[in-house]
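Colleague: Can you look at this prediction? I've put the sequence above it.
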Amino acid sequence: MTRLSVNINKIATIRNARGGNNPDLLKVALDCEKYGAQGITVHPRPDERHIKKTDVFVLKENIKTEFNIEGYPSKDFIDLVLKVKPVQVTLVPDAPDALTSSAGWDTVKNYKFLSEIISEFQKNNIRTSIFVDTNLTNIEYAKRTNTNRIELYTEPYASNFLFDKEKSIAPFIKAANLAKELNIGLNAGHDLSLQNLNFFKSNIPNLLEVSIGHALICDALYFGLQDTIIKYLNELK
């Protein structure tokens, strides 16, 4: 079964809007685990507009499932990851002021940069994943960096799903087949939802993990957190 990692950035955004600790980020993370999520994802940004560095250390000390930290590998980010030592680090090419992730890495152009960072993380027993699109050359070069996994950027799939789901999934099937051929682990994330998740999972059988935040938290406003997580897990069966 594909694992569900819940991105809790949006919970931190709501908390930070009023200050204090409501909602309690750690309690939400622990509840996500209790309700069946197999991982927790955070994306700390330099301005700490949602996840704060202190959150990262608190979560590491308390969550029992896989902890995934994603972000742009600046010196501060690298230092944080090496101190925390999560199960997985996902490298994304976001600019510091990016609203959200909007593209995968150009792994050809950034091959040396990524290779050196990945080597450092792996020396510390941290599983690595590179955020990429479905460009097959980028996947081939991702493999050359010795990363453990790639995470497919699924926004193009989600955007086109309602118009032509067969066309929208086609490049992702090709990308997944190449990843399998190269023996590289496969994750996916960005704009996956209850509407499009099952079709994606059904067509990508070697999918190890999905990271879902925005849509899941939005659904929780209507269904409640527990029922929402159960719904997402059911879509992954």
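Modeller: Nice, I can see it. As the structure is a computational prediction, the values presented were derived from the model and not from experiment.
Colleague: Could you report the separation of the spatially most central residue of the chain from Leu59?
Modeller: Taking Cα atoms, centre = their mean as the criterion, Ser211 is the residue nearest the geometric centre of the chain, at 4.1 Å. Separation of Ser211 from Leu59 (Cβ to Cβ, to the nearest Å) stands at 15 Å. Just so you know, the C-beta spots here come from the backbone N, C-alpha and C atoms, and that holds for glycine as well.
Colleague: does Asn160 really touch Glu166, like I thought?
Modeller: No: Asn160 lies out of contact with Glu166 (Cβ atoms under 8 Å); the separation is 10.1 Å.
Colleague: The two: which has the busier surroundings?
Modeller: Asn160 (14 against 10; other Cβ atoms under 10 Å).
Colleague: Test for you: state the pLDDT assigned to that one.
Modeller: The confidence metric pLDDT takes the value 96 at Asn160.
Colleague: so Asn68 sits in a helix?
Modeller: No: looking at Asn68 with DSSP: H, G, I helix; E, B strand; the rest coil, it is strand, so not inside a helix.
Colleague: which residues sit in contact with it?
Modeller: 5, 39-42, 86-90, 129, 211 (Cβ atoms under 8 Å, 6 or more residues apart in numbering).
Colleague: Turn these into TSV, columns for pLDDT.
Modeller: TSV is the format used below for the contacts of Asn68 (pLDDT from 0 to 100):
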residue	pLDDT
Ser5	98
Gly39	98
Ile40	98
Thr41	98
Val42	98
Pro86	98
Val87	98
Gln88	98
Val89	98
Thr90	98
Ser129	98
Ser211	98
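Colleague: got these as CSV, with distance to Phe67 and secondary structure columns?
Modeller: As requested, these are exported to CSV (distance: Cβ to Cβ, whole Å; DSSP: H, G, I helix; E, B strand; the rest coil):
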residue, distance to Phe67, secondary structure
Ser5, 9, strand
Gly39, 7, strand
Ile40, 6, strand
Thr41, 8, strand
Val42, 8, strand
Pro86, 4, coil
Val87, 5, coil
Gln88, 7, strand
Val89, 10, strand
Thr90, 11, strand
Ser129, 13, strand
Ser211, 12, strand
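Colleague: are any of those residues buried, and which?
Modeller: Neighbour-count burial (16 or more other Cβ atoms under 10 Å) applied to the contacts of Asn68 gives 5, 39-42, 86-90, 129, 211.
Colleague: Count the neighbours of Thr65 for me.
Modeller: 19.
Colleague: Which stretches in the protein count as helices?
Modeller: Using DSSP state H, the helices of the chain run over 9-18, 25-34, 53-62, 75-84, 111-123, 136-144, 155-160, 165-181, 197-203, 214-223, 225-235.
Colleague: Can you lay out those as CSV showing distance to Gly189?
Modeller: Compiled in CSV, the helices of the chain are given as follows (distance: least, Cβ to Cβ, whole Å):
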stretch, distance to Gly189
helix 9-18, 12
helix 25-34, 15
helix 53-62, 18
helix 75-84, 18
helix 111-123, 18
helix 136-144, 15
helix 155-160, 9
helix 165-181, 12
helix 197-203, 11
helix 214-223, 10
helix 225-235, 12
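Colleague: Quick one: closest of the ones you listed to His190.
Modeller: helix 155-160 (4.6 Å; Cβ to Cβ).
Colleague: And the closest one, what's buried?
Modeller: Judged by neighbour count (16+ other Cβ under 10 Å), helix 155-160 contains these buried residues: 155-158.
Colleague: cool, and stretch 167-182?
Modeller: Those would be 168-169, 171-172, 175-176, 178-179, for stretch 167-182 by 16+ other Cβ under 10 Å.
Colleague: Residues in contact with that stretch: which ones?
Modeller: The set of residues external to stretch 167-182 that reach it, using Cβ under 8 Å, 6+ apart, is 134, 136, 139-140, 143, 150, 152, 154, 156-157, 159-161, 185-186, 188, 199-200, 203-204, 206-207.
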